[in-house]
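A.B. asks: Curious how this folds, go ahead:
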Amino acid sequence: MDQDSGMFELEFPLPDVTTPDGSGPVLLHALEGFTDAGHAVRIATAHLLDTLESEPVATFDIDALLDYRSRRPVMTFRDNRFTDYATPRLDLHRVLDANGVPFLLLSGLEPDLKWDRFTGAVCALIDELGVERTIGLSAIPMAVPHTRPTGVTSHSGNSEIRGDYHKWDGEMSIPGSVAGLLELRLTELEHPTLGFAVHVPHYLAQSDYPGSAEKLLECVMENTDLQLPLTELGTAAARVREQIDGQVQGNEEVAGVVKALENQYDAYVTAEERRSSLLAEEGDLPSGEELGAEFERFLAEQFGGKSGDNPGQPFDSGSGRSGGEAPGSGAAEDGTTGESSGDEDPDGSRGDSGDGDDRPRT
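C.D. replies: Numbering: from 1, shown residues only. Here you go, the predicted model:
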């Protein structure tokens, strides 16, 4: 492998990634950035690397891939001097699950630049390492309440999906991501792919929401033979849920919003159950086109555009507390500030890189 002319460096010797039955490993790609609402992706990858045995396989040249002016790494200033710098990373690790079965984890910041070269390099690695199947993890903000079961949208170009997940029929245009492009390129190469996007309450999109990370890893376990530790994530999710409930109860306006979302969610579930039992008349539920239009409208509102317009600037999971007092909102912990360089148009759009990674507050 030519390592794509310096795009990444391989470890030598390479760790053995062969599974006990002699087949190739599963590769999880979980990149922080645009599709990481609730920091679910970052929390999930950090949890895997903290709780399971792992070692590096390849390190990508982040300097060639990141726009530092749109996602500035965090530096520490203490006692009149700079004392630390949070180096951005994008790495491929071999990880052993709870039973010692190896799998691969591609994690770190989503590249801002050279998407085609990056996805080409990852495809080459997948081929070289004999990866059997690739699974993408992402998290998207949705108009759902935190008091109801966490939803997941699944997608795949060529693989059977185990489990009952939301699926989108019809067609819609959404902002691109490296994860989406990688899945597309792998599908074109007839490599088995899966993807899961967990639904995060939109009022918690800027917060650490471990329940969403737990759900993503549950999806992985349902669709592979991997055994992943979830106890700590479950405990953290329960603790955060209790904190959010306390904040909601103390804010009448926020409580009203959550109640409205609960009513909307319950009405949809009831209609879905009626349709499944063949008791509902046609038109009780929105069509795939209507759902797609509603999703596009929601994206446009979140990104500062209008329904039908280019959604514009996506969310930045590292942009910190929102302008309002959304329950559970907090500062970024992903190693970047998400601040702009100051080169902005009066309407708030970026005037330099145009990479679309800064996100307005929710």
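A.B. asks: bridging residues for the residue positioned nearest the centre of the chain?
C.D. replies: The centre of the chain sits closest to Ser138, judged by CA atoms, centre = their mean, with a distance of 2.5 Å. Going by DSSP bridges, Ser138 is paired in beta bridges with Ala197.
A.B. asks: wait, it sits on Leu194?
C.D. replies: No. Counting by CB atoms under 8 Å, Ser138 stays clear of Leu194, with 11.7 Å between them. Using the backbone N, CA and C atoms, a C-beta is placed for each residue, glycine as well.
A.B. asks: And the residue nearest to the centre of the chain, what's its pLDDT?
C.D. replies: Ser138 carries a pLDDT value of 97.
A.B. asks: Leu106 too?
C.D. replies: 99.
A.B. asks: same question, Arg71
C.D. replies: 89.
A.B. asks: What of Asp169?
C.D. replies: At Asp169, the pLDDT value in this model is 76.
A.B. asks: Work out for me the element it sits within.
C.D. replies: If you go by DSSP states H and E, Asp169 is not part of any helix or strand.
A.B. asks: Val74 and Pro56: what is the separation?
C.D. replies: Distance, Val74 to Pro56, by CB to CB, to the nearest Å: 22 Å.
A.B. asks: what about Ile43, helix or strand, and which?
C.D. replies: helix 40-51.
A.B. asks: Need the contact partners of the helix or strand that comes right after that helix.
C.D. replies: Later in the chain than helix 40-51, the nearest helix or strand by DSSP H and E is strand 54-60. Residues from elsewhere that reach strand 54-60, judged by CB atoms under 8 Å, 6 or more residues apart in numbering: 7-11, 14-15, 17, 48, 89-96, 104-105, 108, 118, 121, 125, 129.
A.B. asks: tell me the mean pLDDT for strand 54-60?
C.D. replies: Here the average pLDDT along strand 54-60 is 97.
A.B. asks: Could you point out the longest helix of this structure?
C.D. replies: Ranked by residue count under DSSP state H, the longest helix found in the chain is helix 252-276.
A.B. asks: tell me which strands and helices that one is in contact with?
C.D. replies: helix 231-249 (3 or more CB pairs under 8 Å, 6 or more residues apart in numbering; DSSP states H and E).
A.B. asks: CA atoms of the helix it packs on as PDB?
C.D. replies: Extracted in PDB, the C-alpha atoms of helix 231-249 (Å, rounded to 0.1, in the frame of the first residue of the first chain):
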ATOM      1  CA  THR A 231     -23.000  -0.500  31.700                       C
ATOM      2  CA  GLU A 232     -21.100   2.800  32.300                       C
ATOM      3  CA  LEU A 233     -22.900   4.500  29.400                       C
ATOM      4  CA  GLY A 234     -26.300   3.400  30.800                       C
ATOM      5  CA  THR A 235     -25.400   4.800  34.200                       C
ATOM      6  CA  ALA A 236     -24.300   8.100  32.700                       C
ATOM      7  CA  ALA A 237     -27.400   8.200  30.600                       C
ATOM      8  CA  ALA A 238     -29.700   7.800  33.600                       C
ATOM      9  CA  ARG A 239     -27.800  10.500  35.500                       C
ATOM     10  CA  VAL A 240     -28.100  13.000  32.700                       C
ATOM     11  CA  ARG A 241     -31.700  12.100  32.200                       C
ATOM     12  CA  GLU A 242     -32.400  12.900  35.800                       C
ATOM     13  CA  GLN A 243     -30.600  16.300  35.500                       C
ATOM     14  CA  ILE A 244     -32.500  17.200  32.400                       C
ATOM     15  CA  ASP A 245     -35.800  16.300  34.100                       C
ATOM     16  CA  GLY A 246     -34.900  18.600  37.000                       C
ATOM     17  CA  GLN A 247     -34.200  21.500  34.600                       C
ATOM     18  CA  VAL A 248     -37.400  20.900  32.700                       C
ATOM     19  CA  GLN A 249     -39.500  20.900  35.800                       C
END
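A.B. asks: Okay, angle between that helix and helix 252-276 too, please.
C.D. replies: Put simply, helix 231-249 runs at 120 degrees to helix 252-276, going by axes from the mean of the first three to the mean of the last three CA atoms, to 10 degrees.
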